[in-house]
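Colleague: this one's structure only:
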């Protein structure tokens, strides 16, 4: 497993990406998955969203949803 340097850049923490990990774009998505921090290229379409939905287990929300009733709103 490879390692890299973590350092401060202003008030932010930064990581140096080795050449073979560099992106060919100026913007990436960042999110946590457990104890991992994931960087990935921003998707240009909804294919990734459909892939995530297709990967949901068959029993996802099998018991339905327990939503609160809508809040009353003043008429315009």
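Modeller: Cool, got the structure. Bear in mind that the values here come from a model prediction, so they are computed numbers and not experimental data. Numbers count the residues shown, from 1 in each chain.

Colleague: Only C-alpha atoms from now on, for both contacts and neighbour counts.
Modeller: Will do.

Colleague: what about stretch 7-15, start to end distance?
Modeller: With CA to CA, to the nearest Å applied, stretch 7-15 spans 6 Å between its terminal residues.

Colleague: Also stretch 7-25?
Modeller: Start-to-end span of stretch 7-25 (CA to CA) is 22 Å.

Colleague: Go ahead and name everything in contact with it.
Modeller: Outside stretch 7-25, the residues that touch it by CA atoms under 8 Å, 6 or more residues apart in numbering are 4, 5, 6, 41.

Colleague: three-state assignment of the residue nearest the centre of the chain?
Modeller: Computing the C-alpha centroid of the chain and ranking residues by CA atoms, centre = their mean puts residue 31 first, at 4.1 Å. Three-state assignment for residue 31 (DSSP: H, G, I helix; E, B strand; the rest coil): strand.

Colleague: State the phi and psi torsions of the closest residue in space to it that isn't next to it in sequence.
Modeller: Of all residues beyond its chain neighbours, the one nearest residue 31 is residue 38 (5.4 Å), with distances taken as CA to CA, 6 or more residues apart in numbering. Residue 38 adopts backbone torsions of phi -110, psi 130, taken as degrees, to the nearest 10.

Colleague: which residues sit in contact with residue 38?
Modeller: In this structure, residue 38 makes contact with 29, 30, 31, 32, judged by CA under 8 Å, 6+ apart.

Colleague: at 7 Å what do you get?
Modeller: Residue 38 makes contact with 30, 31, 32 under the criterion CA atoms under 7 Å, 6 or more residues apart in numbering.

Colleague: With residue 62 instead?
Modeller: By CA under 7 Å, 6+ apart, residue 62 lies in contact with nothing.

Colleague: quick revisit: could you report the separation of the residue nearest to residue 31 from residue 67?
Modeller: Relative to residue 67, and taking CA to CA, residue 38 is found at 31 Å.

Colleague: where do the strands sit along this protein?
Modeller: Assigned by DSSP state E, the strands in the chain fall at 6-9, 12-15, 28-33, 36-41.

Colleague: could you give the angle of the third one to strand 36-41?
Modeller: It stands for strand 28-33. 160 degrees (axes from the mean of the first three to the mean of the last three CA atoms, to 10 degrees).
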